[in-house]
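Participant: Got a sequence here, can you build the structure:
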Amino acid sequence: MTHSFALHVPDAALEPDPLDPAQIVSGSPEVTGTVVWESDDGRQIRGIWQITPGVVTDTEADELFVVISGSATIEVEGGPTLTVGPRDMAVLREGDRTTWTVHETLRKVYAINR
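Facilitator: Residues are numbered from 1 along each chain as shown. Take a look at the predicted model:
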């Protein structure tokens, strides 16, 4: 998008974004998402992401996100354990190795800087 916009996040349509099977620790989590804005140089991305219950690992980007619905516990290797739910904001640093335990399907809006 090249202009300002508003979006009702709870009803936004999301597309499947399959996980690498090596990331799945337990359960059968499924990921969906959509990019709603990306800078011309690809260094800034804004979007919506959702994951169903399960446990997954990830290596993070420089990200700020706000949880819209659901809940999870995010263990940062060598760092804190974050518990997030509706209306919580969190910041993950590029390179953080994380383990996400998703308790209830979690939907978040995010801003990534590369």
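
Participant: which helices and strands sit right next to the longest strand along the chain?
Facilitator: Identified as the longest strand of the chain according to DSSP state E is strand 97-113. Packing contacts for strand 97-113, counted by 3 or more C-beta pairs under 8 Å, 6 or more residues apart in numbering; DSSP states H and E, involve strand 44-51, strand 54-59, strand 62-76. For glycine as for every other residue, the C-beta is placed from the backbone atoms N, C-alpha and C.

Participant: Strand partners (parallel or antiparallel) of the shortest one?
Facilitator: The strands beside strand 54-59 in its sheet (DSSP bridges) come out as strand 24-26 (antiparallel), strand 97-113 (antiparallel).

Participant: Which among those is found nearest to L7?
Facilitator: Of all the strands paired with strand 54-59, it is strand 97-113 that lies closest to L7, at 8.7 Å by C-beta to C-beta.

Participant: Model confidence score at the residue nearest the centre of the chain, please.
Facilitator: The centroid of the chain falls nearest to W49 when counting by C-alpha atoms, centre = their mean (5.0 Å). Looking at W49, its pLDDT is 98.

Participant: Once you drop chain neighbours, what's closest to it?
Facilitator: Among residues not flanking W49 along the chain, G33 sits closest, at 4.2 Å (C-beta to C-beta, 6 or more residues apart in numbering).

Participant: show me what contacts V76?
Facilitator: By C-beta atoms under 8 Å, 6 or more residues apart in numbering, V76 lies in contact with 82, 92, 96-98.

Participant: same thing with D88?
Facilitator: By C-beta under 8 Å, 6+ apart, the contact list for D88 reads 66-67.

Participant: Could you rerun that using 6 Å?
Facilitator: V67 (C-beta atoms under 6 Å, 6 or more residues apart in numbering).
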